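1. only the shape, not the letters, is given here:
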C-alpha cells in the first residue's frame, strides 16, 4: 500500500504551536512535560504512583461498560498504564479522524509493550458535551465522490449532555442510497443500522458502532456520565473547585505567556471564565464567575459539576493511570494551557501525542494527482485555483516554453534599456520599470487564459477537478475532517480498519496520503 508523507507545515491551517510541538519541541518544552517522539518520555511519564484503591474503582466501573473485555484484567494489574484518546459521540461515528485517533492509541499501547511498559487503550466518550448541532451531522460520498450530508431530528431544548439525547430517525436509508454501488455498501450500512436503532441515544449508538469496528483491539470505552464514573471523579472536582481562583490566575498567566511567545491560546480565558459547568435538571449550564457563591455550595456535591475543555483532561488522568494522550491539533494546543492545571492538581502530566493523519485515495485518484502535478496544498485555495493549476499542465509544453522565453527576453531587453535611461534621465528609467510590470502582468494574464482554454477543450480535466476535490478536499476541508469513515469502509471493506492500524507509524506525525 503506497503512501506519501506530507509535513503539516505544507498544509493550510496548521498552527505554529502544533507544528513546533511536532518538529521543534525545544521551542515549546516550557508548555509540555514530555517530547512526543522521545522513547525516554514514556519511561518518565509511566513512573508515578497510582492509588491501588482508585485503580480497583476504575476497573470495576469500566467493567460495567465493557463486560468481558480482556483489557480489564491487564488494567487491574499494578503498574499498567493507559493510552487515552477521546472524541464527541458524533452521528455515524463522526469524522474519519475519530477512528484514526483510537487506532493511534491502540498502536502506541502495543508499541509500549515492546518497550517494557504494559499499557491498554482507553477511549473517552465525550457524552457530557452539550452542543447537539456539532455532533448531529455526518457526511459521506458515493461512487461519484461527491459529498452528501445527513442529520437527524434529535432535539436538545435544555442544552443538556448530548450522550443521552435520543435519535428518533437515524438517516440509515439515505446513507444506504449514497453508498449504493460500493462493494461493501450493504455490509457497512447494516453495521450502522444495528448500532443506530430508532430511539437509541447518541452515546450508546456511537459506542456500539465504534465497538464493532474496533472489536479485535480490546479498546476500553469510558462514558463519564455513568454514576460509578462520576463518583470516582468527584474528589478531583471538589479539589479543583476549592482552588478555582488560584487555577484561573495560573491559566491567565499561561495564556499571556503563550501569546508573548507568538503562540495562540486555544481556549479564551477572562474574568467571566469558569472551569466548570453545572449539571442540573437535564441542563449543562456554564458556571461563570458571577456564580462563585454557588461554587462554594457545589463543592459539597461535586457530582453536579462538569469540567470545561481545559480541566477535563486533568480529571480524566486523575481517574486513569495515563501515560499518553492521543489528540488532534486543537486538543494538543489545549494541553499547553492545561499544563498549569496538571501541575497544580496532579503533579504529573502524560505525554501528549499527535494522532495519525490520513487522506485515502484509490489508484485512479493517484494517477490524476500525478498527471496534474498536484499536492494536498493545491486544493486549499478553492476549485477555481485548482482548475487553473490543472489547466496549466494541459498547455502544450512548447507553448509554455515559448511564453517563458518571451518573458525572459522582455525582462532582459528592458534591463539593458533601463541602465541606459538611468544614465540619461532617472525619471524615465522609473517609468520604464512600471511599464515592465504592466507588460509582464499582461503576459501572465495571457498564460492563465491559455491554460483556461486548454481546460475548456479537455472536458475530462474539468470532471477530474470535480472528482478530486470531492474526494480529497470536500467543502474546503481535508477528507479526514469532513467525511465519516463509512464511505471508505463501504468502498474498501471492513478490513480497512486493520490496514489503517498497520499503516500508523510510531515516531512520525506527518500527514499520509495513502493509495489503496
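-> It's in. Just so you know, these numbers come straight off a predicted model, no measurement behind them.

2. so where do the strands sit in this protein?
-> Using DSSP state E, the strands of the chain run over 3-6, 81-88, 119-126, 138-141, 147-150, 220-222, 276-280, 283-286, 305-307, 322-327, 351-354, 357-361, 511-515.

3. please identify which of those strands is closest to residue 214.
-> strand 119-126 (8.1 Å; C-beta to C-beta). From N, CA and C alone the C-beta is placed, and that goes for glycine too.

4. partners of that closest one in the sheet?
-> strand 81-88 (parallel), strand 220-222 (parallel) (DSSP bridges).

5. please identify the most buried of those.
-> With neighbours defined as mean count of other C-beta atoms under 10 Å, those peak in mean count at strand 81-88, which reaches a mean of 25.

6. ok, and what's touching that one?
-> 46, 75, 94, 98, 101-102, 104-106, 108-109, 112, 117-126, 129, 134-135, 162, 220, 316-317, 320-327, 350, 355 (C-beta atoms under 8 Å, 6 or more residues apart in numbering).

7. just the buried ones from the residues you listed?
-> 46, 75, 94, 98, 101-102, 104-106, 108-109, 112, 117-126, 129, 135, 162, 220, 316-317, 320-327, 350, 355 (16 or more other C-beta atoms under 10 Å).

8. just for the chain, where's the confidence low?
-> 1-2, 289-300, 395-404, 406, 410, 447, 450-458 (pLDDT under 70).

9. apply 80 and report the result again.
-> Across the chain, the ranges flagged by pLDDT under 80 are 1-3, 271-272, 287-303, 388, 391-429, 431-433, 435-461.

10. so how far is stretch 380-399 from its chain's centroid?
-> The chain centroid and the centroid of stretch 380-399 are separated by 30 Å under C-alpha atoms, centre = their mean, to the nearest Å.

11. can you give me the neighbour number for the nearest residue to residue 60 once chain neighbours are set aside?
-> The shortest distance from residue 60 to any non-neighbouring residue, by C-beta to C-beta, 6 or more residues apart in numbering, is to residue 228 (7.1 Å). A count of nearby residues for residue 228, using other C-beta atoms under 10 Å, gives 15.

12. separation between residue 228 and residue 73?
-> Separation of residue 228 from residue 73 (C-beta to C-beta, to the nearest Å): 18 Å.

13. center of this protein - which residue?
-> In the chain, the centroid-proximal residue (C-alpha atoms, centre = their mean) is residue 328; its distance is 4.0 Å.

14. got the phi and psi for that one?
-> Here is the backbone geometry of residue 328 (degrees, to the nearest 10): phi -90, psi -180.

15. let me see the contact set for it.
-> Residue 328 sits in contact with 97, 101, 354, 355, where contact means C-beta under 8 Å, 6+ apart.

16. can you count the residues close to the nearest residue to the third one once chain neighbours are set aside?
-> The shortest distance from residue 354 to any residue that is not its chain neighbour, by C-beta to C-beta, 6+ apart, is 3.9 Å, and that residue is residue 509. By the measure other C-beta under 10 Å, the count of residues near residue 509 is 24.

17. cool, the one 3 residues further on as well?
-> Counted with other C-beta under 10 Å, residues neighbouring residue 512 total 20.
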